[in-house]
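Visitor: Make a model of this:
(4 chains)
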Number of protein chains: 2
Amino acid sequence: MTSVTSPEPTGPLLVRVRAVMPALAPAEQRVANAVLADPSGVAAMTISELAEVASTSETTVIRFCKQIGVPGYPQLRLQLAAQSATENIRPEVGGDIEPGDSLADVVGKVAFADERAVRETAQQLDVEALSKVVAAVAKAPRVDLYGTAASSFVALDLQQKLHRIRRVAFAWSDVHVALTSAALLGEGDVAIGISHTGTTVEVVEALEEAAKHGATTVAITNFPRSPLARTADLVLTTAARETTYRSGAMSSRIAQLMVIDCLFIGVAQSVMPDARKALEETAIAVRGHRLKSSVNDQQN
Amino acid sequence: MTSVTSPEPTGPLLVRVRAVMPALAPAEQRVANAVLADPSGVAAMTISELAEVASTSETTVIRFCKQIGVPGYPQLRLQLAAQSATENIRPEVGGDIEPGDSLADVVGKVAFADERAVRETAQQLDVEALSKVVAAVAKAPRVDLYGTAASSFVALDLQQKLHRIRRVAFAWSDVHVALTSAALLGEGDVAIGISHTGTTVEVVEALEEAAKHGATTVAITNFPRSPLARTADLVLTTAARETTYRSGAMSSRIAQLMVIDCLFIGVAQSVMPDARKALEETAIAVRGHRLKSSVNDQQN
DNA sequence: GCACGGTTGTAATTCAATTACCTGAGGGGT
DNA sequence: ACCCCTCAGGTAATTGAATTACAACCGTGC
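Guide: A predicted model of the protein is given here:
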């Protein structure tokens, strides 16, 4: 129902490149890889040189520029130069986790990847879209959340948070139940689908069903061109880079959680006269389950 | 007709421009002024536009480039872009979220808090203790995970991850079930209790029960002096600072996830000849549930 | 097997950047 | 005062990069 989200995401260039990658044609992906492999190097190349490096034609390079929302090649060079200039300030701990890494290495790499996922997600997050989602959720009689596997925990987390501020929300991970639930939604309700790749059939189907019944649909995914994103009225993109070894949905999940936290706080702010107070009250409810010896009084 | 000017100065571009200024011809000085006045603006101009702004010709602009030691105009643009990008690096955000904050503020603050939680948790994480936990989990016939509310999702996440590498793990959030399960543990088994405050009765009790039956007990908590930490054989501490407004277990949960990711990878490394391969295989299992349009093949 | 949509490259074209060359203004030296 | 030399500054031609128009190609579904 709501306005179609802008086709071109904003935010740091390289983040955007990674996000659009899967939706690109093979030759364009070669260009993308060349750019990601050596951003500052590419900034120094002419279009013909880059075409050469990516074993393709100048035309494809131009097309690649348009795909990632840059009007022309010179502009790409500029942005690349600007970007890599800022990158070099804080060095990358970089590299994927190797089988032989020590535990200390693992901790360092995981922490770095998570930090980066959070930072980049925040940078590129479409606040406009987020505020539309907040508004929709705030006045929705009911909110459905769809997610499978690791994303199901994210859905559950949001469900629980929304409950704490008296919003009606349901997190479904079972396909059939999710579809039935989606069919019961109506105008004004909100359906949120969560999937890192944006290609999980179950989630896409549930969201389609929800849309069919007039609900506002929201996608939380890493890939703005994915089927899930195309299905949704509003898209919130994360910016995580999963690698094979840590494929178990690690930083992607962290990024998703950050997004839903922002969403939650936004809703809390707009729904409650003083959300702080409401949260304190629910905290009091679980106080009986706390042991002494800690000044702190928050949950879990 | 080159090398007329003295020693080629190096260093930041704009500094160089200022330094050479007095030695320039009037028309070139006008160019220099335009550049100094709006570096990033100039980076966006073509040579003709800059010539226009400096009320001179393209030729003079080129001459200016050579004067300051830059081979051509495109290179000047690149350096200008890079330079001005480094100038404005984001300031620290800090502070708790206020009821009146805009969504953009919220996003910035949440991201900052999460980043910090991850960084600080990694810094203070006891790798020695972690490696003991890894060893225990790696050879445990069975692993029990206890967590309530938000921490229960963390427990579920770890359960699911361990399953993917064929470790037997159970996440319990129901008090009674957790206690019964704990009572069935034995020597060699591992029980992990997750609680931000470390004061959740249910989790502490379950861990005590597990200890009574000879299991190795592990606490994941923010507070090393908490009841939970005192109960456990091994303690992994997080370093999140929750505040009232964002009390819904936000960065604490992120920090916990980071810890369990490290734990998981450690276990994966020590258990499997090649964990990477095993993970790829499980990824293939869900491939049928993926839609096309994505070259990418990771889960959720 | 054929039509279609999407991908890619070739060739033509446009436009930015660079160079070659010209003009005119000052500034001695005779 | 005149001439010549130098050098700032610009015009116009040239080069080469970037872009667009178009055509060939390939897999896919009917």
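
Visitor: Verify the stated contact: residue A:217 with residue A:189.
Guide: No: counting by Cβ atoms under 8 Å, residue A:217 stays clear of residue A:189, with 9.9 Å between them. C-betas here are computed from N, CA, C, even on glycine.

Visitor: can you list residues touching both of those two?
Guide: By Cβ atoms under 8 Å, 6 or more residues apart in numbering or on different chains, residue A:217 and residue A:189 have these common neighbours: residue A:210.

Visitor: ok, those two, which is more surrounded?
Guide: Counted by other Cβ atoms under 10 Å in any protein chain shown, residue A:217 and residue A:189 do not tie: residue A:217 has more neighbours, with 30 against 22.

Visitor: Show me what that one bridges to in the sheet.
Guide: residue A:191 (DSSP bridges).

Visitor: dump the residue contacts of it.
Guide: Per Cβ under 8 Å, 6+ apart, neighbours of residue A:217: A:190, A:191, A:192, A:193, A:207, A:210, A:211, A:231, A:232, A:233, A:234.

Visitor: Any chance of those residues in TSV with neighbour count and distance to DNA strand D as columns?
Guide: Output for the contacts of residue A:217, formatted as TSV (neighbours: other Cβ atoms under 10 Å in any protein chain shown; distance: Cβ to the nearest atom of the strand, whole Å):
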residue	neighbour count	distance to DNA strand D
A:190	26	33
A:191	31	28
A:192	32	30
A:193	31	24
A:207	28	23
A:210	30	26
A:211	18	23
A:231	21	20
A:232	30	24
A:233	22	27
A:234	24	30
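
Visitor: Of these, which one scores lowest on pLDDT?
Guide: Among those, residue A:231 has the lowest pLDDT, at 90.

Visitor: contacting residues for that one?
Guide: Contacts for residue A:231 were tallied using Cβ under 8 Å, 6+ apart; they are A:193, A:204, A:207, A:208, A:211, A:217, A:219.

Visitor: again, only this time at 10 Å
Guide: Counting by Cβ atoms under 10 Å, 6 or more residues apart in numbering or on different chains, residue A:231 touches A:191, A:193, A:198, A:203-208, A:210-211, A:217, A:219.

Visitor: So which of the residues you listed sit within strands?
Guide: Judged by DSSP state E, those include A:191, A:193, A:217, A:219 as members of strands.

Visitor: circling back to that earlier point, from the contacts of residue A:217, which two are the most distant?
Guide: The largest separation in the contacts of residue A:217, counting by Cβ to Cβ, is between A:190 and A:231 at 14.0 Å.

Visitor: Name the nearest of the contacts of residue A:231 relative to residue A:109.
Guide: The closest of these, once distances to residue A:109 are taken by Cβ to Cβ, is residue A:198, at 25.6 Å.

Visitor: Show me the shaky parts of chain A.
Guide: Where chain A drops to pLDDT under 70, the residues are A:1-11, A:87-95, A:243-248, A:273-300.

Visitor: who in it is up against DNA strand C?
Guide: Listed as neighbours of DNA strand C in chain A under the rule Cβ under 7 Å from any atom of the strand: A:25, A:26, A:27, A:28, A:55, A:56, A:57, A:58, A:59, A:60, A:63, A:74.

Visitor: tell me the two of these that are most distant?
Guide: Maximum distance among the residues of chain A next to DNA strand C (Cβ to Cβ): 25.0 Å, for A:26 and A:74.

Visitor: between those two, who's got more neighbours?
Guide: Regarding residue A:26 and residue A:74, a neighbour count based on other Cβ under 10 Å identifies residue A:74 as having more, with 17 against 9.

Visitor: could you pull out the helices for chain A?
Guide: Under the criterion DSSP state H, helices of chain A are mapped to A:13-20, A:26-37, A:39-43, A:47-53, A:58-67, A:73-87, A:103-124, A:127-139, A:149-164, A:175-183, A:201-212, A:227-231, A:251-271, A:275-285.

Visitor: Single out the most deeply packed of these.
Guide: helix A:251-271 (a mean of 26; mean count of other Cβ atoms under 10 Å in any protein chain shown).

Visitor: one step back: to residue B:254, which of the helices of chain A lies closest?
Guide: helix A:251-271 (5.7 Å).

Visitor: center of chain A, which residue is that?
Guide: Against the mean C-alpha coordinate of chain A, by Cα atoms, centre = their mean, the closest residue is residue A:238 at 2.0 Å.

Visitor: wait, isn't residue A:173 in contact with residue A:147?
Guide: Yes: Residue A:173 is in contact with residue A:147 according to Cβ atoms under 10 Å; the separation is 6.3 Å.

Visitor: got any residues that touch both of those two?
Guide: Residues touching both residue A:173 and residue A:147 (Cβ under 10 Å, 6+ apart) are A:153, A:155, A:156, A:202, A:203.

Visitor: dump the residue contacts of the last one.
Guide: This points to residue A:203. Contacts of residue A:203 (Cβ under 10 Å, 6+ apart): A:145-148, A:151-152, A:155, A:172-173, A:175, A:178, A:191-195, A:197, A:219-221, A:227-228, A:231, B:289, B:291, B:300.

Visitor: hang on, the earlier thing: determine which of the helices of chain A approaches residue B:251 most closely.
Guide: helix A:251-271 (8.5 Å).
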